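A.B. asks: from the sequence below, what's the structure:
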Amino acid sequence: MATEEQVGVVTDYYARIGVAAVRLDGGALQVGDTVHLRGHTTDFSQVVESLQVEHRPVQRAERGTEVALRVRERVRRHDEVLRVPA
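C.D. replies: Purely as a prediction, here's the structure:
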């Protein structure tokens, strides 16, 4: 079984719209990827359904980018974002 790869860290969370700001410092992320969000009180997986860079929808974001990621549960700053291998 392949291991999860850390692709980023949550830098902010917007509860009213259910969106996490994520700094991609470990790898790229694209729509359709499955991610595992993990932290002190956070632990869930979901499929990436939408990504935005500077308020514009994108299909893929490269390492070094700050992205907005819609999440189905609350996340917190410093939570890890791991890509789950297909």
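
A.B. asks: CA only for contacts and neighbour counts going forward, please
C.D. replies: Fine.

A.B. asks: for this structure, longest strand please?
C.D. replies: The longest strand of the chain (DSSP state E) is strand 5-14.

A.B. asks: could I get the contacting residues of the closest residue to Arg72 other than its chain neighbours?
C.D. replies: Distances taken as Cα to Cα, 6 or more residues apart in numbering put Gly18 closest to Arg72, at 6.8 Å, once the chain neighbours are dropped. Contact analysis of Gly18 by Cα atoms under 8 Å, 6 or more residues apart in numbering lists 70-74.

A.B. asks: check Val7 too.
C.D. replies: By Cα under 8 Å, 6+ apart, the neighbours of Val7 are 24-29, 63, 81-83.

A.B. asks: was I right about Arg60 contacting Gly27?
C.D. replies: No - if you go by Cα atoms under 8 Å, Arg60 and Gly27 don't touch, sitting 11.0 Å apart.

A.B. asks: quick check: Arg77 touching Asp12?
C.D. replies: Yes - using Cα under 8 Å, Arg77 is in contact with Asp12, at 5.4 Å.

A.B. asks: of the two, who's got more company?
C.D. replies: Each of Arg77 and Asp12 has its neighbours counted (other Cα atoms under 10 Å); Asp12 has more, 17 against 14.

A.B. asks: quick one on the thing from earlier: measure the residue nearest to Arg72 to Val84 for me?
C.D. replies: According to Cα to Cα, to the nearest Å, Gly18 and Val84 sit 21 Å apart.

A.B. asks: show me the contact partners of stretch 69-84.
C.D. replies: Under the criterion Cα under 8 Å, 6+ apart, residues 3-13, 15, 18-22, 29, 33-40, 42, 44, 46, 48-52 lie in contact with stretch 69-84.
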